[in-house]
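Visitor: Sequence plus the predicted model coming up.
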Amino acid sequence: MPVSNYVNTGDMIRFLPEIILAIMGTVLMVLDPVLQKRSSNAFGTISVFSLLAALAASAYAYQNAGPAFGGMLTVDGFATFFRILVIVVGILTILPSYRFLARQDAETSEYHALLLYSIAGQCLMAAANELIIVFIGLEISSIASYVLAGYLRDDKRANEAALKYFLLGSFATAFFLYGVALIYGATGSVNLTMVRAAITGSNAPSPVFVGVAAALMFVGLGFKVSASPFQIWAPDVYQGAPTPVTAFLSAGPKAAAFAVFLRIFMTAFEPISNGWEPLVWISALLSMTIGNFAALLQSNVKRLLAYSSIAHAGYVLVALTARSDVGTAAAMFYLAAYAFMNIGAFAVVSHLSGKGERYQNVDDFAGLGQKQPVTAAMLAIFLLSLIGVPLTGGFFGKFYIFKAALESHLVWLTVIGLLNSAVAAYYYLRILVVMYMHEPSEAANNAEPLTPGLSAALILPALGTLLLGIFPSWVLDFAGKSSTLVK
Amino acid sequence: MQLWLIPLLPLAGFAINGLFGRRFSKGLVNVFAIGSVVLSFAWVLKTIAGLGDLNTAYVEHYFTWIQSGPFTINWDFAVDRLTAVMLLVVTGIGSLIHIYSIGYMAHEHGPHHGGYYRFFAYLNLFMFFMLTLVLAANFLVLFVGWEGVGLCSYLLIGFYFDKKFATDAGNKAFIVNRIGDFGFSLAMFYIVKTFASLDFSTVFAKAAGAPESTLTLIGLLLMVGAAGKSAQIPLYVWLPDAMAGPTPVSALIHAATMVTAGVYMTARSFPIYTHAPVAMEVIAVIGIATAFFAATIGITQNDIKKVFAYSTVSQLGYMFVGVGVGAFSAGIYHLVTHAFFKALLFLGAGSVIHSLSGEQDLRNMGGLRSKIPWTFWTMVCAWVAISGIPPFAGFFSKDAILLAAYHYAPWIYWLGTLTAGITAFYVSRAMFLAFFGSYRGHEHHIHESPAVMMVPLTILGLLSLVGGYLFKIPVFLGSLFPALEESEDFTLMAISVAAGLLGILIAYMMYVAKPGMADSLAASLKGLYTLVYNKYFVDEIYGAAVVSPVVNGSRAVLWKGVDVEVIDGAANGIASRAQDVGSVLRRLQSGNIRSYAAWVLFGSVMVIVALGMAGGFR
Amino acid sequence: MDIFLFLLFAIIAVVAAINVVVQTHPISSAVSLIGVMGSLAVLYLLLGAEFLAAAQVIVYAGAIMVLFVFVIMLLNAGAEAKRGRSLMVQLLGVPLLVALLGLLAYFVQRLFPQGVTVHFGGFTGGTAEAVGRALFTSYVLPFEVTSLLILIAIIGAIVLARKELD
Amino acid sequence: MTEVPISWYLTLSAILFALGVAGFLFRRSIITVFMSIELMLNAVNLSFITFSYQFKQVNGHLFAFFVMVVAAAEAAVGLAIILNIFKNRATLNIDEIDSMKN
Amino acid sequence: MNLLTVVLFLPLAGFLIALMIPRSSGGGSRAWALVLSLVTFIVSLALPVMFDRGFTGEQFALDVPWIASPDIHFYIAMDGVSLWLVLLSTFLTPICVLISWRYIQHRAKEFYAFLLLLEFGLIGVFIAQDLFLFYVFWEVSLVPMYFLVGIWGHERRIYAAVKFFLFTMAGSVLMLAAIIYLYNRAGTFSYPAIVTMLSSGRLTFAGNEQMLLFLAFFIAFAIKVPLFPLHTWLPDAHVEAPSAGSVMLASVMLKMGTYGILHFCLPMFPSASRTCAPWIAILSIIGIIYGALVSMVQPNMKKLVAYSSVSHLGFVVLGIFSFTQLGLDGAVYQMLNHGISTGALFALVGLLYERKHSLAIGDYGGVAAAAPWLSTAFLITTLASIGLPLLNNFVGEFLVLQGVALSNYTWAIYAAIGVILSACYMLWLYQRVFYGEASEDVRSHVPDLNLREWAAVVPLIVMMIWMGVYSQSFLPPVSKATARVLDQAQINVPFRVQIDRNAEVARAR
């Protein structure tokens, strides 16, 4: 039953997750005057249910997979994978936020509304098959993120983070947009499928021109995924933003940006992949190396994890360098694993940091193993996963990535990447060391007991991490099936 | 014939005393310790009696010890005539010395309670290993005994383990022996490489067919092992220090049995040596050099046990000369007679020390002849035996060796004869200083040792007197070893006897007739005397040339240098370089938004250039 | 005529844009930027984008820039201070800019298909009607979604700028 | 009636884009920096519309339209952030917003 | 239910249950660890009983698909080598519990839990037949050891733990790369399948390729062994680890490296192994002599024993690279011997430390007078460690050196120097600690063994004697397995190599 010539029911079903999230975000704002004074936790709970509904909608949309809105959206396995991923990221962000927002005396309604909007934007990115939709999704996600980063408006660090994120983000987006313009000029279309057709077609534009357009898009997307040489904003922003927001930034927008990255470069620009492969190779190498080495000397945990997230972006880029379906699947899997372990780690940081986020130093984790064994054990799982110890998702993620890389004969990149992961072990171990092998610090002594929300926020990602490590097939099979993108 | 019982009895004694001896009375300890050895002796007698003429070896197989692929080491024992001789010596003298020890150790408590049982346990363990060594039917089982006796030697030298010099001596003994064993092991490896077996029967049967160079190499390597165990140059240094152990130990292990294992082993390996003349020559030269060299040191020593220790080294040199010149049976002959008289000398010395409550310095003795006559007279038996006076034990064996040496190379004979004179001289010196003249020690109740010590002394005295005549070892072993074509030569015999007598005479002149003469002679030859008195400074040279460079080098160069500085330094260097890189990378993160934008711009330009070029832009 | 108009407004735009960059007082920059937008609106017209030219003036120059000016006034922002510096920009800023401009200009000049020229009236599909039709038919999705963007902007502004009430 | 080569428009767009970048790099006032971004977006819009002319399509106009909307949203949020910064630090000098570094 | 699976998962189950035991009940987790490790040991005793000694090849195999794509299986099985290594692990774990009984009071729950987890990891390493699974266990065993050293160690424990982790990690990532590469070439992670493919020529490696793969595996193993000059993590880790940690580290963990070389490097990359053999042999020999010399001058007992491990493990590696049956058998036997005797040394040093709270040799002297049985146990262990016949090490050292002599006599000469030096450092240590006059301090602080300690020490000594006297209980299955390795190392030679004639001759005999 067509709504009009241009919109039919199928389109709406495939767009359902975004619709739900947008509507529920608005509902939160409407409920604000009613609930804000009485029960500030209600917003979080509503959000979680909204996200669960969106999750169901994503699955439902997948049942009716196919293009929507005249090919602007493509709901396929790939899109569904990332939709589910960002929605789960959202849930895992909200769980530790209850206590965090309460501790900082912050309003909850706008926070959750913005979060839902941002996730809606990311879902849109995941499904987008046209560059203008990508751009709009990116901006929805980003602008909401800018606000979230500066959400604690009296916090100087948060302000600064928001400003840096906003200015540099817009700056990079302008580059992306310029790239979109050029590709439009080169091919007459911004639809990825058609762009690809135009590039490979008989009347192909100059490959140099396409290359420059791809380069400008690479700038914008590289910035969003904090890949080197565009990683430079990440540490400051991650450090300054409220910790749950940092967790969200490091997982959600990053995953969505990678989804776009993969989709654009593995479909539209796949024909010129020989051209961009060396670039991604170098970018992967630089990201891993810069991230890991710069993290060696960090004492601020959030900053440390920021650098580590740069390094992890590098690992995903290794998978992209492989330029194969296996590589795409590996990248997808890794992003999922990374989301779990990283959000989990940030949840512990958020839990421990206390009012005003005073305790953010590595030394503040001292003795946590004695004071809060469960918290510490969970963090240990996340850290071991970040290191890449087997039976954790992080290990399998790395494993699949390097497997894909070796299949594509990227021997040296693999070796460098693996050596990098050995270097990385050093700074993660530092946290493990102070946590288990030092006497309790002031922060550990003052740590609040775990609330149910927080427990869930720790245990769910830990379970996810272990599950991905022990039974990776569940996710990997889906990723593998979805990695063949429509070309 | 249950050969396994022979070593196993002492092992049982060791196990019982070792595990439970602390709770036992001395009597009970004695029962197990002495009982096991004496039983073993009895079993040896019964075995030998039951084995007939023993012209071919009698072998018993027990179990496969080591097996790897086709290569097998069996735990086999074998008895032939050589073994029989050794068995008798070891168990016989061993029994005597065990009995003697009851008296000698009677007042022993050791550094902690239970020194007594510990002593006997070790002694029994020694018997076990020595018998294993002797009974072994292949090199590896022999090596078991070989190392095992070394261990017991180590334990017994360091018996007074609260005394540092004793434990030092123990370590020295073990380590020097290890150097010898190094040679022995390498010999075994080469034997396996060549013959694919370690069984005596196989190896010796194939030996004749092997190239001479191979056999020479094997022979020389075995010689290194023998030199370690039997205290030959250059590995003799441990034996004099080994006197730190209780005297019965010196008698049993460091005179009569263990130190002769090298001689036994070389004699046992004669099929290899007979085809390796170069190796034999080396043995002979080393033997005679050791004999002479140690004898000269013996002249100047003041510790009664040290004198006999150097004497032992010297006499072992003789045995090696015997083996080296091809007179294997003569070597074994001297081994046997030496066991009699040297054990006696040590036990006698022990009796002297015992009666003087621990005094060992000859300068503090004198005139003991009348105070402990029984000891004196038994020691006289040994004295005449070692001096080569006919018809006592030492005469026959020494003469046999010298005779063979003369046929081999006259210079060895002459040096050997000179050494015989020196030997007679230093033993006489010790005897004169201890028993003649007047007592120079502190006031002391000097008492004769108990009967339990005297009986073994007496038996050994008798054996020293008549043992050489009674046991014609060369005849007994004639069928085993290749024969030497040689004839009795009375001139040579007379010369060597004369040398011995001359030695005694000079000693009498210097220490009894004109007591000041020795000192004045020493004063006039001060340089030489100091050199010899200090044993040619060999220990010091080893210390300066080997031990301290190795120890200090290991500490300063290897550990603090290579390990800490170089390797760890490299690892830490990598780590700190990584941190340096990290700190540089951090500095890029200036916090300034415009700088960041410049970075993004920089990256953009690079990316545009890169992808432009990839697209074909020049 | 076309080339004259193009060159006139192109030069105005560039000069104004340079002025945006060189002026130290934000209000001067803002006024210059309005100048850029105005000249761009003319160029849009030349390119046949009627609706966009109007939107450019109304939305951009009229609404967005007013917002800027309003904030500048609100914060009483004066000429910028000379404190602080960025070594990176001092060292690499100009070379990088030249490189970027050089590259972009080179590529669009040399590599873009030659021969297509612009004359006023060459394309008249940019009317309000055409745009509106497209917006509600094939581009209905992005159009609807942008509403979300506006919503976020409103909420964001509220969150960040509102005074603490309690 | 002389026609204008389309690449001239594109070059103008590139120049304006570069000038926007220059403004971002060389201006210290946060507001001016933000305006530079607007300049960059305008430059891109010019490209879109030029290309739209080339293809005789209306699509490019729509893209430019969406860019405007986005620019508006960004402006609202960005100015709010700037207000907040000014409230907390009493400065609009971009070089002084560098408390987090290394 | 497969017996091997039971043995593998008992410790894991124990670990999980140990996590449930309330923290306040330190004694509870202790007792639980003892009971469980004993049960595991007793169950594992059935392995050699049921092990078919006449059958060459893997036994007790269990092959369950784990992950579909890539094709990863939970595939475990054991051959004659892993049989004893598993038994070594199960044997030593209860002993480790016993020697930690009194010493570990602080955070006992975690300690015993980690100990059981460690046992799980170690057993897994030795029986994994799937390369991926092998890597999983390899890393899993790393984590508990890291915590054992880092939490319950001595003053510089953190440095040591991190160093340990990073050294091992640095090596193992290369191995991971090689494993993945192998999978891409072979299409399977199954070790037996890969070896079969290599034997049948269905899979071949070019020379360079094989060399790089070999090195990637070998470096990982060499760090674990540790081979000179990659050994410096070991002294630090040993000195700082608690006794139980030292015991498990020295006795079992180091064997992961040598087992890996034997099990993976030789059959899969025979040409590269042979090409590298001279260099590796030289490094082993340097390690033997160097380790002994450095050991000699250590003022710290544990450090001394640690460096002696470097020396001993040099023998093992040398034996493996002799490519002779004797050398391989000896190497495997030496792994077990080192496990028993060095484990005992660390246990005994731990007992001394528990008494006097010092590891400095200079603080002791005259212990033999104060604690005669402790001294006796130490003496026997010392003698075993220096290779006295009738004790375990002798058999191993003899076979190794003999095997090496067969393939290259010069190597044997240099390696045999290590035997001399081992006597030097061990006896000197023994003299300085146990001999001499006992000070009042020693007399009052160093009591003799108590019943629990007896229970820990006696089994070790019994094993030393048993293994030294009757090696036939242990060697035949080992020989079977090593013969197969050798065969594979002969067959799997895709490009010609010069095979040492002597080794051939000796094998022919």
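Guide: The structure has been received and is ready for your questions. All values reported here derive from a predicted model rather than from experimental measurement.
Visitor: average model confidence for the helix or strand hosting B:Ala15?
Guide: Using DSSP states H and E, B:Ala15 sits in helix B:5-20. For helix B:5-20, mean pLDDT is 90.
Visitor: cool, stretch E:264-279 as well?
Guide: 88.
Visitor: if we can go back for a sec, which residues does the helix holding B:Ala15 contact?
Guide: Applying C-beta atoms under 8 Å, 6 or more residues apart in numbering or on different chains, the contact partners of helix B:5-20 are B:24, B:29, B:32-33, B:35-37, B:39-40, B:43-44, B:47, B:87, B:91, B:117-118, B:120-122, B:124-129, B:131-132, B:135. Glycine gets a C-beta too; all of them are placed from N, C-alpha and C.
Visitor: and chain A, which of its residues are near chain E?
Guide: A:370, A:373, A:384, A:387, A:389-391, A:395, A:399-400, A:402-403, A:406-407, A:411, A:414-415, A:418-419, A:421-422, A:425-426, A:429-430, A:432-433, A:436-437, A:471-473, A:476-477, A:480 (C-beta under 8 Å from any C-beta of the partner chain).
Visitor: Regarding chain E, what is its longest helix?
Guide: In chain E, assigned by DSSP state H, the helix with the most residues is helix E:325-356.
Visitor: what about that one and chain B, touching?
Guide: Yes: applying C-beta under 8 Å from any C-beta, one finds helix E:325-356 in contact with chain B at E:Gln325, E:Leu326, E:Asp329, E:Gly330.
Visitor: and the third one, how many neighbours does it have?
Guide: E:Asp329 is flanked by 33 other residues according to other C-beta atoms under 10 Å in any protein chain shown.
Visitor: Skip the chain neighbours and tell me the closest residue to it.
Guide: B:Ser68 (4.1 Å; C-beta to C-beta, 6 or more residues apart in numbering or on different chains).
Visitor: Could you pull up phi and psi at that neighbour?
Guide: phi -140, psi 110 (degrees, to the nearest 10).
Visitor: next one: E:Ala360
Guide: Per-residue torsions, E:Ala360: phi -70, psi 130 (degrees, to the nearest 10).
Visitor: Which residues does it form beta bridges with?
Guide: As for beta bridges, E:Ala360 partners with E:Asn300 under DSSP bridges.
Visitor: What about it, how many residues nearby?
Guide: The burial count for E:Ala360: 10, using other C-beta under 10 Å.
Visitor: in terms of contact, does it touch E:Pro299 like I think?
Guide: Yes: with contact defined as C-beta atoms under 8 Å, E:Ala360 counts as touching E:Pro299 (5.9 Å).
Visitor: re earlier: next, the buried residues of the helix holding B:Ala15.
Guide: By 16 or more other C-beta atoms under 10 Å in any protein chain shown, the buried positions in helix B:5-20 come out as B:6-18.
Visitor: which one among the residues you listed gets closest to chain C?
Guide: The shortest approach to chain C among those belongs to B:Gly18, at 80.5 Å (C-beta to the nearest C-beta).
Visitor: Below-threshold pLDDT in chain D: ranges please.
Guide: Filtered on pLDDT under 70, chain D yields the residue ranges D:1.
Visitor: check whether the longest helix anywhere in it contacts chain A.
Guide: For chain D, the helix with the greatest residue count under DSSP H is helix D:59-89. Yes: for helix D:59-89 and chain A, the contact criterion (C-beta under 8 Å from any C-beta) is met by D:59-60, D:62-63, D:66-67, D:70, D:73-74, D:77-78, D:80-82, D:84-85, D:87-89.
Visitor: which among those residues end up buried?
Guide: Applying 16+ other C-beta under 10 Å to these flags D:59-60, D:62-63, D:66-67, D:70, D:73-74, D:77-78, D:80-82, D:84-85, D:88-89 as buried.
Visitor: need the contact list for A:Ala425.
Guide: A:Ile387, A:Gly388, E:Phe165, E:Leu166, E:Met169.
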